[in-house]
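*Asks:* Provide a 3D model corresponding to the input given below.
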Amino acid sequence: MVKKLQVLTAMKINVKNIHIGNIIKKVIEDREIDLDRICNFFKMNESDILKMYEQKSLDSEILLKWSKLAEYDFFRPYVSHLMLFASISQTKNNKQIKKNDDIQFRKNIYTKEIKEYIIELVNTKTKTLAEIITEYNIPKTTIYKWMKKQNTD
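*Replies:* Below is the predicted model of the structure:
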């Protein structure tokens with residue numbers, strides 16, 4: 001069971017372009033949940049289940065059922081996406097209405113997936129550090145800490 005959980009945490013989820021059907025399929029395969037059990041749980045036939053694996057997005061009720069069945073939070077990629085991109089718009093809005101005496105501390109707002117995504121952008125040289133800092137409004141020191149921690153692990 002520990003090995004299966006390690007596989008799930010090692011699974012790279014692209015928080016910028018989420019394909020929930022692929023994520024569900026990977027988790028279900030890793031957890032070795034039988035297709036008959038899934039069909040009984042959803043009260044659907046196999047072809048309907050297989051079609052869900054191909055869909056880029058699913059209704060929230062269906063996603064909640066998948067989460068219960070697999071005991072995995074399939075909403076997490078969306079939350080990670082919101083955390084990454086909402087912080088961009090929030091800081092843009094804050095620059096317009098920011099008061100001098102307002103200080104905001106945003107500690108631990110970045111999930112593991114976001115950290116891995118940003119580090120991957122730096123390591124693959126997809127974006128420069130300056131581009132990442134500007135686009136995502138993540139402090140340079142924070143990115144350096146993530147990279148240092150990754151190198152020590």
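
*Asks:* Scan the helices and strands of the chain for the one with the lowest mean pLDDT.
*Replies:* Within the chain, no helix or strand scores below helix 2-10, which has a mean of 41 by mean pLDDT, DSSP states H and E.

*Asks:* could you point out which element follows that helix?
*Replies:* helix 20-31 (DSSP states H and E).

*Asks:* ok, now how distant is the spatially most central residue of the chain from His19?
*Replies:* Nearest to the mean C-alpha position of the chain, counting by C-alpha atoms, centre = their mean, stands Pro77 at 3.0 Å. As judged by C-beta to C-beta, to the nearest Å, Pro77 and His19 stand 9 Å apart. Backbone N, C-alpha and C define where each C-beta goes, glycine included.

*Asks:* ok, now Phe41?
*Replies:* Look at Phe41 and His19: by C-beta to C-beta, they are 22 Å apart.

*Asks:* With Ile49 instead?
*Replies:* Going from Ile49 to His19 by C-beta to C-beta gives 16 Å.

*Asks:* Okay, and Asp36 sits in which element?
*Replies:* According to DSSP H and E, Asp36 maps onto helix 35-42.

*Asks:* hmm, who's touching the helix or strand following that helix?
*Replies:* Counting by DSSP H and E, the next helix or strand C-terminal to helix 35-42 is helix 46-54. With contact meaning C-beta atoms under 8 Å, 6 or more residues apart in numbering, helix 46-54 is reached by Gly21, Asn22, Ile24, Lys25, Leu35, Ile38, Cys39, Phe42, Leu58, Ile62.

*Asks:* Please read off the pLDDT at the second one from the model.
*Replies:* Note for Asn22: predicted pLDDT of 92.

*Asks:* ok, it - how many residues close by?
*Replies:* 15 (other C-beta atoms under 10 Å).

*Asks:* And His81, by the same measure?
*Replies:* Neighbours around His81, by other C-beta under 10 Å: 20.

*Asks:* Confirm for me that Thr111 is in contact with Arg76.
*Replies:* Yes - using C-beta atoms under 8 Å, Thr111 is in contact with Arg76, at 7.3 Å.

*Asks:* Between those two, which contacts overlap?
*Replies:* With C-beta under 8 Å, 6+ apart, Thr111 and Arg76 have no common neighbours.
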